[in-house]
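Colleague: coordinates only, no sequence provided:
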């Protein structure tokens, strides 16, 4: 996906450098934006209970409805296999597909990881949202940062700080409101 001026991608990923709880940061950012009156859609990760180990269940929460999707398999703490449950992600993907038709100001996807870097997970939904010019915010581990850059056409990598997220969103919404020629053509055709 190239970023010529007519198809500007309004996407960014928070670089998970270990300095902050990115899941909590995304959840808090979504809540603040919704409280400010913005239409925010998407999914944030929670880990129910007090277990914060790798064996803890992973649950995606729809930021609009509160619906929860279990997206991990209970493989046990000693397992070295990927715990991601493709069926859970498939069920949750509906939230991102539906977001495109809801004229959101922002869509959050919990992370761009190994599934997305291989073309699975939420890859198709993220590409569809970006193609529509919807601001998309996700998170990425350093191991997948290069894949994110290729996937997104070099969309931004942000530090895990609330002020960086807010500044990025203001810029993305400002550019979107100003409209690019391609965005104007889509608006006139609608």
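Modeller: Sure thing, it's come through. This is a predicted model, so every value here is computed, not measured.
Colleague: number of nearby residues for residue 154?
Modeller: 14 (other CB atoms under 10 Å). Glycine gets a C-beta too; all of them are placed from N, C-alpha and C.
Colleague: make sure I have this right: it is in a helix.
Modeller: No: per DSSP: H, G, I helix; E, B strand; the rest coil, residue 154 lies outside any helix segment and is coil.
Colleague: distance of it relative to residue 140?
Modeller: As judged by CB to CB, to the nearest Å, residue 154 and residue 140 stand 13 Å apart.
Colleague: now do the helices in the protein.
Modeller: 22-35, 86-99, 114-117, 123-131, 145-152, 162-178, 181-189 (DSSP state H).
Colleague: can you list the weak-confidence ranges in this protein?
Modeller: Scanning the chain with the threshold set as pLDDT under 70 gives 1-9, 49-55, 75-83, 180-190.
Colleague: work out which residue lies at the spatial centre of it.
Modeller: When CA atoms, centre = their mean is applied to the chain, the residue found nearest the centroid is residue 109 (2.2 Å).
Colleague: tell me which residues touch that one, please.
Modeller: 42-43, 96, 122, 125-126, 136-138 (CB atoms under 8 Å, 6 or more residues apart in numbering).
Colleague: need the max-distance pair from the residues you listed.
Modeller: The span of the contacts of residue 109, defined through CB to CB, is set by 125 and 137 at 13.7 Å.
Colleague: what sits closest to the residue nearest to the centre of the chain if chain neighbours are left out?
Modeller: Leaving out its chain neighbours, the residue that sits closest to residue 109 by CB to CB, 6 or more residues apart in numbering is residue 138, at 4.5 Å.
Colleague: beta partners of that neighbour?
Modeller: residue 13 (DSSP bridges).
Colleague: wait, doesn't it sit right on residue 16?
Modeller: No: using CB atoms under 8 Å, residue 138 makes no contact with residue 16, being 10.3 Å away.
Colleague: overlap of the contact sets of the two?
Modeller: With CB under 8 Å, 6+ apart, residue 138 and residue 16 have common neighbours residue 111.
Colleague: more neighbours: which of those two?
Modeller: Of the pair residue 138 and residue 16, residue 138 is the one with more neighbours under other CB under 10 Å, namely 25 against 21.
Colleague: start and end of stretch 110-120, how far apart?
Modeller: The first residue of stretch 110-120 is 14 Å away from its last residue (CA to CA, to the nearest Å).
Colleague: give the buried residues for it.
Modeller: Residues of stretch 110-120 classed as buried: 110-113, 115-117 (neighbour count, 16 or more other CB atoms under 10 Å).
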